[in-house]
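Peer 1: All I have is the shape, not the residue letters:
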């Protein structure tokens, strides 16, 4: 688990199983930055719980509300300003917490969204190839130069794929590598994008499958890379 995964876990920790919780604890052991964020999150949650505890209504409060509803508007505005200046530090801490986490948010928000982007590229009919090669290493070096981060192309033969070439494409607002492949004479599209593009949690090496009409979409995360294949169902 890296810092981005930890952030996603904090945002929706109730949705993940104990294995992910254990991974988060291991990450927190050696990452001071994430420990501070996790501590701040715990303090905010504790403050919210305490703030939501039921309290008895003070005697005479209802009558006071009825009376003050007819108070001068100017006085009401002044009272609001006085209250605003006394907002607890907890609210400011929550605001800082949101700002701290925001830069980690990716553009691709869900598996379904990623699958939709990949399928749209697969069906676009654009077959122009920017780099024509059957060598995965050559393709990886070209995409690394174009995208500005290290692109790792998997062992295509182990997936029964033959590389033809590739070009850049867009998965939503994120630039990605698009590799044209063949499998048993049929077209298979392979997309590779940095995990920094994700705005949601993915468990490393877990294969996610989506069936969209007559197409099979497979998505998996391998370290800093996320890969998507699209092919026609058998």
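Peer 2: The structure has been received and is ready for your questions. From a predicted model like this one, the values you see are computed outputs, not experimental measurements. Numbering: from 1, shown residues only.
Peer 1: Please report how far the residue nearest the centre of the chain lies from residue 119.
Peer 2: Nearest residue to the geometric centre of the chain (Cα atoms, centre = their mean): residue 199, 1.4 Å. According to Cβ to Cβ, to the nearest Å, residue 199 and residue 119 sit 19 Å apart. In this view, the C-beta of every residue, glycine as well, is placed from N, C-alpha and C.
Peer 1: And for residue 231?
Peer 2: 11 Å.
Peer 1: joint contacts of these two?
Peer 2: residue 215 (Cβ atoms under 8 Å, 6 or more residues apart in numbering).
Peer 1: part of a helix, is residue 138?
Peer 2: Yes. Counting by DSSP: H, G, I helix; E, B strand; the rest coil, residue 138 falls inside a helix.
Peer 1: Worst mean pLDDT across the helices and strands of the chain, which element?
Peer 2: helix 73-84 (a mean of 43; mean pLDDT, DSSP states H and E).
Peer 1: related to what we said a few turns ago, the residue nearest to the centre of the chain contacts residue 113, correct?
Peer 2: No. Between residue 199 and residue 113 there is no contact, the gap being 9.1 Å when judged by Cβ atoms under 8 Å.
Peer 1: so residue 192 bridges to which residues?
Peer 2: On the basis of DSSP bridges, residue 192 is bridged to residue 177, residue 227.
Peer 1: which residues does it contact?
Peer 2: Here residue 192 is in contact with 143, 151, 152, 153, 176, 177, 179, 225, 226, 227, 228 (Cβ under 8 Å, 6+ apart).
Peer 1: of all those, which comes closest to residue 20?
Peer 2: The shortest approach to residue 20 among those belongs to residue 226, at 17.3 Å (Cβ to Cβ).
Peer 1: give me every residue that touches that closest one.
Peer 2: Contact analysis of residue 226 by Cβ under 8 Å, 6+ apart lists 114, 192, 193, 194, 195, 197, 198, 202, 219, 220.
Peer 1: Of those - the most surrounded one?
Peer 2: residue 193 (29 neighbours; other Cβ atoms under 10 Å).
Peer 1: ok, now how distant is the residue lying closest to it once chain neighbours are set aside from residue 38?
Peer 2: Excluding its sequence neighbours, the residue lying closest to residue 193 (Cβ to Cβ, 6 or more residues apart in numbering) is residue 176, at 4.0 Å. Relative to residue 38, residue 176 is positioned 31 Å away (Cβ to Cβ).
Peer 1: So those two - more neighbours on which side?
Peer 2: residue 176 (25 against 20).
Peer 1: hang on, that one packs against residue 196?
Peer 2: No. In terms of Cβ under 8 Å, residue 176 does not count as a neighbour of residue 196; the distance is 11.8 Å.
Peer 1: between the contacts of residue 192, which has the most around it?
Peer 2: Greatest neighbour count in the contacts of residue 192, by other Cβ under 10 Å, goes to residue 179: 29 neighbours.
Peer 1: Now do the contacts for it.
Peer 2: Contacts for residue 179 (Cβ under 8 Å, 6+ apart) come out as 139, 153, 163, 165, 166, 189, 190, 191, 192.
Peer 1: List just the nearest of these to residue 21.
Peer 2: After measuring these against residue 21 - Cβ to Cβ - the closest member comes out as residue 192, at 29.2 Å.
Peer 1: and the closest one, how far is that from residue 33?
Peer 2: 28 Å.
Peer 1: how is the chain carved up into domains?
Peer 2: For the chain, automatic domain parsing gives the domain ranges 3-104, 111-232.
Peer 1: so for the last one, what's the average pLDDT?
Peer 2: Confidence for domain 111-232, expressed as mean pLDDT, is 92.
Peer 1: How about the backbone phi and psi for the closest residue to residue 152 other than its chain neighbours?
Peer 2: Nearest non-adjacent residue to residue 152, counting by Cβ to Cβ, 6+ apart: residue 225, 5.4 Å away. The phi and psi values for residue 225, taken as degrees, to the nearest 10, are phi -110, psi 140.
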